[in-house]
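>>> Sequence and computational prediction follow.
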Amino acid sequence: MSDFKKFRKGVAYSVIAIVAMVGILGILGGLSYQASVGTGVASSDSQKLDQDASTQKLEYTKAMVLQQVRYSAITSTLDITENGGTQDPETYWECNNVPQPVTREEFVAAISNNSLQYLNSYVQALKKNAYLVEKGIALSDPECMSVELPEATGCNHLNCEYITSGIAQETIDVSNPVKTSYKGPLNVNDVGPIRATHFQNVLYNEFKDNNILKIMSSSMAADCPDDLATKFKVAYEDVCEELKKKLDSDNPEYIICNITEIPSPHTDCTRNKKQETCFSSTSFAAGNDKAILIHLEDLKFEPLADEKHMEWNLKMVFSLDAPECTPING
Amino acid sequence: MNSEQKLLKGQTMEILGVVVLGVSLIALLFFLGVFSMKGYASSAEALTDRHEDESFKAGVNSILYTTESKTGKTLLELLGIASKAGNTTLNFGPGVGEVDVRKEIEWRFDAIYGKGNWYLKIPFPNVTADIQIVAVSDTSNSMCEAVRTLVTDVPEVLERIRAKGRKAEMTLFLLGDFSCCVEENGNWVPFDLSKYTKETDYFHVRGLPQEYEGIQCKNPCGADGSSDEDWGAGLECAIKMGPYKGPGEYGWKQNVVKVAIPISDELPGGTECGCPSGGSRALFERGLKKALEDEVFVFAFRGDACGVIRTSQEGCSERAIPNDPYCTCSKGTINDWMGDMSNQTKGKMYNLSDVVASADTIEKIIMEIQPNRVPYLEAGTVPPKGEKRAVTSLLPVTVLGKYVELYVYQWNSK
């Protein structure tokens, strides 16, 4: 082979190698591009999953707090009705013949204040729970719990079975895997079923117009030949019958009512109204000869399925002289 | 350029070409090695796995947020209530009815994950219920010492138990009045119940009324019988009345463990084992029926009508109790009946032969009795061995500050 041919062969090899290198670099460039696109998609997918995981934790924590709002409100309502409508276990609805029924505002304020205590206990326990700590979830202490009863107008024994309750401002922070948070109200409108609004409404109207004493008085007048003790016994039965009808005309068997005589209070039975709430709007009191306890139970619902019905314990201090006998033909 | 130089240049370029080609090939191989398909596949699989995990968690949460149609409550709420109740069948009163929480869970999970592909377990919390006891005691002369021990020692026992955090209270109903004698500083004196009774907020002694809400509480068996020994009908009345609450008020609290203790060495209505026409048995059946209906645990205290008695009418002088039928009846038929009543109501019968131990027995009963609760809720199919998805969530219970964990597993059947 001549020297020129050898030179040309060398150059040809070199050109082939350069062409091959350009080809390989092209393939490498293409593969790098594909890889970068793939990594980007995977990374964005992973970030999205992290966000989803945090959002899910946040939503589940919100669901738990809402559940605590429900439990607090229902437990508190059962406590307050058992007290007779206020936070005071000695709630007198009539003091020395003067009616002092528990108003709607007082009732709402009592449930709200009591609910907040329950809710705070729940939240404190939740905050200390290892599950939340491990998951990087933090929540604020509720400062106020709102309670809203259904409108009294149109409320009867068949509706008004649910209460609305909530927290105006709650903060939930999730820090893991990514930071996300919620700041705002948490409300539920399905606290129940419980006929607390209907009971408060009916009882308020009955006491406001002093109907309980009127029923007793007319019952005693009609029951003339009997001794005073029997007259009172019959009068109490008549009051119960009337209350049962007023509270559930369709199913009076759902209502348990009994009246027992109790010792007269040693302190003044007048009550100072406490109707201030933390969430909005605004904020009663012997010489007596009889004190009674009207005990009512609503068997229709057991809101927490624990054999506990809504109970009302209303106390009255009154004097009722033996009335003139009703003329037989009168 | 001479031919030798051209040859050298051609050879150099040839070698250079081979080197460039080699380096390019190595770079390509290295690149393929680093970003191999295997790597892509594994990271894609991990991503898919995570997607499925998150979607499983979201699925479980969404089921918990669903509302049960009859109650309008979410499953999260129902499970919290079931955890408190220690029961999966919840009764929300006649206005709503009963809800079987397990069934509600099962059909929802089956619809989403398929039957046989999931498992759920919620260990229920330990809820210690308050204990209320009604005891009904025969007041015949042979029961004097037993009752004296009870009214003296039980209040202290209750205080001690309450100090340990177990809330218990007891009302002792007496079927009559005592006319027996007890030993006091070496002398026999008529038994004055009020002198020994230490009433507290948690221990009360009351006479059982003759009648309660139309029920005769104290019945003698025939002409020779004695109404102050009718612990059968007496038990029925005591269970119906419940423990003492306040002046004129009786009743059981909600969610308490109810315990009844008949105390006697006689068959209900007296006349030992000679009551005609099954009269004693009829009175006994009334008490048993009421205890079973109201889910009351009966812990019967059987005395031995053996030895001697001293009555105040006879100046506290000693009188021997004839072995037959008194002693034999108390150790025979009475033992059998009280044992039967205790067994049927998941309680236990105790022998009062050692009266001093009666208060300790009450302490033992209170400390050991547990409410009727199921320990956990379990639904679905027990998971097979191998890989499965798992999620653990927290569940608020209707008890202040209590939370339970909920475990759900899911797998794909082959």
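Thanks, I have the structure now.

>>> and whichever residue of the stretch 151-300 of chain B sits closest to chain A, what does it touch?
Of the residues in the stretch 151-300 of chain B, the one nearest chain A is B:Gln254, at a distance of 4.4 Å by C-beta to the nearest C-beta. (Glycine included, C-beta is placed from N, CA and C.) Residues touching B:Gln254, when contacts are defined by C-beta atoms under 8 Å, 6 or more residues apart in numbering or on different chains, comprise A:Asp306, A:Glu307, A:Lys308.

>>> Flag the shaky bits of the stretch 1-150 of chain A, pLDDT-wise.
Residues of the stretch 1-150 of chain A meeting the criterion pLDDT under 70: A:1-4, A:6-7, A:10, A:35, A:37-42.

>>> Could you pick out the buried ones from the contacts of B:Gln254?
The neighbour-count criterion (16 or more other C-beta atoms under 10 Å in any protein chain shown) marks A:Asp306, A:Lys308 among the contacts of B:Gln254 as buried.

>>> wait, is the residue of the stretch 151-300 of chain B closest to chain A part of a strand?
No. Using DSSP: H, G, I helix; E, B strand; the rest coil, the secondary structure at B:Gln254 is coil, not a strand.

>>> and whichever residue of the stretch 151-300 of chain A sits closest to chain B, how far is that from B:Val101?
When distances are taken as C-beta to the nearest C-beta, the stretch 151-300 of chain A approaches chain B most closely through A:Lys300, which lies 3.8 Å from it. When C-beta to C-beta, to the nearest Å is applied, the distance between A:Lys300 and B:Val101 equals 21 Å.

>>> do the same with B:Trp231
Computed with C-beta to C-beta, the distance linking B:Trp231 and B:Val101 is 40 Å.

>>> More neighbours: these two, which one.
Shown here are B:Trp231 and B:Val101; by other C-beta atoms under 10 Å in any protein chain shown, B:Trp231 has more neighbours (34 against 23).

>>> contacting residues for that one?
Neighbour list for B:Trp231: B:Val136, B:Ser137, B:Asp138, B:Leu175, B:Pro262, B:Ile263, B:Ser264, B:Pro268, B:Gly287 [criterion: C-beta under 8 Å, 6+ apart].

>>> Counting only strands, which of those make the cut?
Mapping the contacts of B:Trp231 onto strands (DSSP state E) picks out B:Val136, B:Ser137, B:Pro262, B:Ile263, B:Ser264.

>>> Need the worst-confidence member of those residues.
On pLDDT alone, B:Ser264 ranks lowest of the ones in strands among the contacts of B:Trp231, at 88.

>>> That one pairs with what?
In this structure, B:Ser264 has beta-bridge partners B:Arg302, where bridges are defined by DSSP bridges.

>>> returning to that earlier point: run a quick neighbour tally on the residue of the stretch 151-300 of chain A closest to chain B.
23.

>>> So the closest residue to it other than its chain neighbours, which state does it fall into?
Distances taken as C-beta to C-beta, 6 or more residues apart in numbering or on different chains put B:Gly95 closest to A:Lys300, at 3.8 Å, once the chain neighbours are dropped. Secondary structure of B:Gly95, reduced to three states by three-state DSSP: coil.

>>> Wait, B:Gly95 touches A:Met310, no?
No. Using C-beta atoms under 8 Å as the test, B:Gly95 is too far from A:Met310 to be in contact (11.1 Å).

>>> Neighbour count: these two, which is higher?
Here B:Gly95 and A:Met310 are compared on neighbour count by other C-beta under 10 Å; more neighbours surround A:Met310, at 24 against 18.

>>> For B:Glu169, see how far away that one is.
Counting by C-beta to C-beta - A:Met310 and B:Glu169 are separated by 24 Å.

>>> Ok, B:Tyr403 next?
As judged by C-beta to C-beta, B:Tyr403 and B:Glu169 stand 30 Å apart.

>>> B:Thr398 too?
In this view, B:Thr398 and B:Glu169 are 23 Å apart by C-beta to C-beta.

>>> Walk me through the domains of chain A.
By the record's domain assignment, chain A is partitioned as A:51-85+A:104-195, A:197-318 (automatic domain parsing).

>>> which stretches of the stretch 201-350 of chain B form strands?
For the stretch 201-350 of chain B, the strands identified by DSSP state E, counting those that start in this stretch occupy B:203-207, B:211-212, B:215-216, B:244-246, B:249-250, B:256-264, B:297-298, B:301-302, B:308-310, B:318-320, B:350-351, in order along the chain.

>>> Ok, the stretch 1-150 of chain B next?
Counting by DSSP E, counting those that start in this stretch, the stretch 1-150 of chain B forms strands over residues B:89-91, B:98-100, B:118-123, B:130-137, given from the N-terminal end onward.

>>> Quick check: buried residues in the second one?
The reference is to strand B:98-100. B:Val99.

>>> packing partners for that strand?
Packed against strand B:98-100 by the contact rule (3 or more C-beta pairs under 8 Å, 6 or more residues apart in numbering or on different chains; DSSP states H and E) you find strand B:89-91.

>>> So which elements touch the strand it packs on?
Helices and strands touching strand B:89-91, by 3+ C-beta pairs under 8 Å, 6+ apart, are helix B:75-85, strand B:98-100.

>>> Let's see that with 10 Å instead.
Using 3 or more C-beta pairs under 10 Å, 6 or more residues apart in numbering or on different chains; DSSP states H and E as the contact criterion, the elements in contact with strand B:89-91 are helix B:75-85, strand B:98-100, helix B:101-113.

>>> Need the strands of the stretch 201-350 of chain B in JSON lines (columns: mean neighbour count).
Supplementary listing: the strands of the stretch 201-350 of chain B in JSON lines, determined by neighbours: other C-beta atoms under 10 Å in any protein chain shown:
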{"stretch": "strand B:203-207", "mean neighbour count": "19"}
{"stretch": "strand B:211-212", "mean neighbour count": "13"}
{"stretch": "strand B:215-216", "mean neighbour count": "16"}
{"stretch": "strand B:244-246", "mean neighbour count": "15"}
{"stretch": "strand B:249-250", "mean neighbour count": "18"}
{"stretch": "strand B:256-264", "mean neighbour count": "25"}
{"stretch": "strand B:297-298", "mean neighbour count": "24"}
{"stretch": "strand B:301-302", "mean neighbour count": "25"}
{"stretch": "strand B:308-310", "mean neighbour count": "16"}
{"stretch": "strand B:318-320", "mean neighbour count": "11"}
{"stretch": "strand B:350-351", "mean neighbour count": "19"}
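
>>> how close does B:Ile81 sit to B:Gly72?
Applying C-beta to C-beta, one obtains 13 Å for the distance of B:Ile81 from B:Gly72.

>>> For the strands of the stretch 201-350 of chain B, could you give me TSV that also reports distance to A:Asn114?
As requested, those are arranged in TSV below (distance: least, C-beta to C-beta, whole Å):
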stretch	distance to A:Asn114
strand B:203-207	30
strand B:211-212	35
strand B:215-216	39
strand B:244-246	23
strand B:249-250	24
strand B:256-264	23
strand B:297-298	33
strand B:301-302	42
strand B:308-310	56
strand B:318-320	62
strand B:350-351	43
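
>>> Isn't B:Phe56 up against B:Thr392?
No. Here B:Phe56 lies out of contact with B:Thr392, judged by C-beta atoms under 10 Å, at a distance of 12.0 Å.
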